[in-house]
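[1] got a sequence here, can you build the structure:
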Amino acid sequence: MRNIAGLTCLCFLSLVAVLAAGSAERHAVVISTNDSADPAIDTGADPSLPPLPAGVDKLTARIQQLQTIAAELKKARTLYTEKHPRVVKLTEAMKLLGKPLASDIAAKLDKLQAADTKLAAIHKEAHPQRQALAKQIALLRKAQASLPAVPVVPPRELTLDLGKGISMKLVLIPAGKFLMGSPDSEKGRSPNEGPQHEVMITKPFYMGIYEVTQAQYEQVTGKNPSSFKGAQNPVEHVSCDDATEFCKKLSQKTGKMVSLPTEAQWEYACRSGSKTRFHFGDRDEDLSDYGWWGYDKGNSDKQTHPVGGKKPNAFGLHDMHGNVWEWCSDWYVDSYANLPTGQAGAKNQDPSGPNSGTLRVLRGGGWDIKPAICRSARRVRRSPDLRLGDSGFRVSVALPAGQAGLK
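    Alright, predicted model coming up:
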């Protein structure tokens, strides 16, 4: 056991040394690594009573180490993406120290509780030895509750079981930052796409690889309002209210936090690292390789098509341009500059739009319009109860607390 602990300590010291070295932009993780200097945990017990098991007096320092790293990791995530070397190393440090520490506390609790069970057969609860054990158990439980959550890396893909052999696939979108909106010089630009501004998505999330299909919608709601029938075609003739209700029912069915994406999440996922008019570049002529669109020389034949029939973007998402417009959760505002001060939408970090409004936002373009209206930054607004044959949606799923996302 000592050899394992020594190896863990050695690995941890090496990792901390790497973290403390490096460029000036990094903040060193300051922790104590001298076991002999570890402060004891004060139990308040009478010295004549049985002492704590060996090693318990060193838990405070180890917990403080973990809390320090957790604070540094939280700070780093406000500055960098999940793939940044500092975030990766701090995440590894959390795992390296956190898992053994949690295991040690749990093991000591098991021993103390087993000892108390044996004493219970001999002594009443008021006996000094049992009282001492009770204090030690309470101390360890308090220590256990104070441990920061160790980050868990979720799978890259998530599959939701809708029942009757129907499922929905989603892909993990990493945290990061991007320029939201379009520059004044962009061809086909609309005034409501500005001002262009930097936005940070601080939490990774899952996004539907495809638009919600008619088969999926019918399985969850028992209805299929679409005009262009086809099990794998995107559902249309759904309002924002309908889409929101679908998300609520799917959340109840799967136990996941399902919702419409925010406008910022949608554009970030669509761009997938690009800064061009479309996620694949600037040329209208290339749109037919990635989406179904209409107008003069469109390829849609004035109807929707089965999802996934065109090339995906860099995140693995299909049909982000064309096929059907996709509802977002935001209330519409005609300019990013006009977001109300102090409301969630005014922030450049995980913006969610105004707190209230009369119109909702749609993104991505549809089967019946020209390429310029299918661009990544294009925004339109409609009444949340309006149902049209070019309007559909895709869903997002929030990660449970403590999951760090892609490394």
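[2] alpha carbons only: can I get stretch 77-89 in CSV?
    The C-alpha trace of stretch 77-89 is given here as CSV (Å, rounded to 0.1, in the frame of the first residue of the first chain):
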residue,chain,number,x,y,z
ARG,A,77,-11.6,27.0,-18.4
THR,A,78,-12.7,30.6,-18.5
LEU,A,79,-9.6,31.4,-20.5
TYR,A,80,-8.9,28.3,-22.7
THR,A,81,-10.7,25.5,-24.5
GLU,A,82,-10.8,21.9,-23.2
LYS,A,83,-7.9,21.0,-25.6
HIS,A,84,-5.5,23.6,-24.2
PRO,A,85,-2.5,22.0,-22.6
ARG,A,86,-3.1,23.7,-19.3
VAL,A,87,-6.7,22.5,-19.0
VAL,A,88,-5.6,19.0,-20.0
LYS,A,89,-2.8,18.8,-17.4
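[3] residue ranges with poor pLDDT in the stretch 151-300 of the chain?
    Across the stretch 151-300 of the chain, residues meeting the criterion (pLDDT under 70) sit at 152.
[4] can you show me the helices along it?
    Per DSSP state H, counting those that start in this stretch, the stretch 151-300 of the chain carries helices over the ranges 214-221, 240-254, 263-271.
[5] mean neighbour count and distance to residue 142 added to these, as a markdown table?
    For glycine as for every other residue, the C-beta is placed from the backbone atoms N, C-alpha and C. Converted to a markdown table, the helices of the stretch 151-300 of the chain look like this (neighbours: other Cβ atoms under 10 Å; distance: least, Cβ to Cβ, whole Å):
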| stretch | mean neighbour count | distance to residue 142 |
| --- | --- | --- |
| helix 214-221 | 21 | 44 |
| helix 240-254 | 18 | 34 |
| helix 263-271 | 25 | 38 |
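[6] want to try a markdown table for these, with distance to residue 193 as columns?
    Converted to a markdown table, these look like this (distance: least, Cβ to Cβ, whole Å):
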| stretch | distance to residue 193 |
| --- | --- |
| helix 214-221 | 30 |
| helix 240-254 | 20 |
| helix 263-271 | 10 |
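[7] which one of those lies nearest to residue 160?
    With Cβ to Cβ as the measure, helix 240-254 is the member of these nearest residue 160 (5.0 Å).
[8] which one of the helices of the stretch 151-300 of the chain lies closest to residue 171?
    In terms of Cβ to Cβ, the element of the helices of the stretch 151-300 of the chain nearest to residue 171 is helix 263-271, at 9.0 Å.
[9] following element in sequence after the closest one, please.
    strand 325-331 (DSSP states H and E).
[10] tell me how far that next one lies from the chain's centre.
    19 Å (Cα atoms, centre = their mean, to the nearest Å).
[11] what pairs with it, parallel or antiparallel?
    Looking at strand 325-331 with DSSP bridges, its partner strands are strand 360-363 (antiparallel), strand 391-392 (parallel).
[12] using TSV, please lay out those strands together with distance to residue 336, mean pLDDT and mean neighbour count.
    Below are the strands paired with strand 325-331 laid out as TSV (distance: least, Cβ to Cβ, whole Å; pLDDT from 0 to 100; neighbours: other Cβ atoms under 10 Å):
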stretch	distance to residue 336	mean pLDDT	mean neighbour count
strand 360-363	12	98	26
strand 391-392	23	98	27
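[13] of these, which is nearest residue 76?
    strand 360-363 (30.5 Å).
[14] list of residues touching the closest one?
    Outside strand 360-363, the residues within contact range by Cβ atoms under 8 Å, 6 or more residues apart in numbering are 240, 263, 266-267, 270, 325-332, 353, 378-384, 391.
[15] stretch 240-248 now?
    Contacts for stretch 240-248 (Cβ under 8 Å, 6+ apart): 212, 217, 220-221, 225, 238, 258-260, 327, 329, 360, 382, 384-387, 393, 395.
[16] just the buried subset of the residues you listed, written out for PyMOL, thanks.
    Buried members of these, defined by 16 or more other Cβ atoms under 10 Å, are picked up in PyMOL with:
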select buried, resi 212+217+220+221+225+238+258+259+260+327+329+360+382+384+393+395
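[17] next, count neighbours for the closest residue to residue 348 other than its chain neighbours.
    Spatial nearest neighbour of residue 348, excluding adjacent residues (Cβ to Cβ, 6 or more residues apart in numbering): residue 199 at 5.4 Å. When counting by other Cβ atoms under 10 Å, one arrives at 22 neighbours for residue 199.
[18] try residue 377
    Counted by other Cβ under 10 Å, the residues lying close to residue 377 total 23.
[19] the nearest residue to it once chain neighbours are set aside: how many residues sit nearby?
    Once flanking residues are discounted, residue 377 sits nearest to residue 182: 3.9 Å by Cβ to Cβ, 6+ apart. For residue 182, the neighbour count with other Cβ under 10 Å is 23.
[20] what sits against residue 182?
    With contacts defined as Cβ under 8 Å, 6+ apart, the neighbours of residue 182 are 189, 193, 194, 196, 277, 375, 376, 377.
[21] look up how far residue 188 lies from the residue nearest to the first one when sequence neighbours are not counted.
    Pointing back at residue 189 there. Setting aside the residues directly before and after it, residue 189 is nearest to residue 182 in space (Cβ to Cβ, 6+ apart), at 5.0 Å. Distance of residue 182 to residue 188, given as Cβ to Cβ, to the nearest Å: 9 Å.
[22] joint contacts of the two?
    The contact lists of residue 182 and residue 188 share 277, 375, where a contact means Cβ under 8 Å, 6+ apart.
[23] tally of neighbours for residue 151?
    22.
[24] from residue 85, how far out is it?
    15 Å.
[25] residue 391 too?
    Using Cβ to Cβ, residue 391 is found at 43 Å from residue 85.
[26] which elements pack onto the longest helix that the chain contains?
    Secondary structure of the chain per DSSP state H: the longest helix is helix 85-120. If you count contacts as 3 or more Cβ pairs under 8 Å, 6 or more residues apart in numbering; DSSP states H and E, helix 85-120 packs onto helix 2-20, helix 59-77, helix 128-145.
[27] lowest-confidence stretch among those helices?
    Of all the helices and strands packed on helix 85-120, the minimum mean pLDDT falls on helix 2-20 (a mean of 39).
[28] residue 251: what's it in contact with?
    Contacts of residue 251 by Cβ under 8 Å, 6+ apart are 257, 258, 259.
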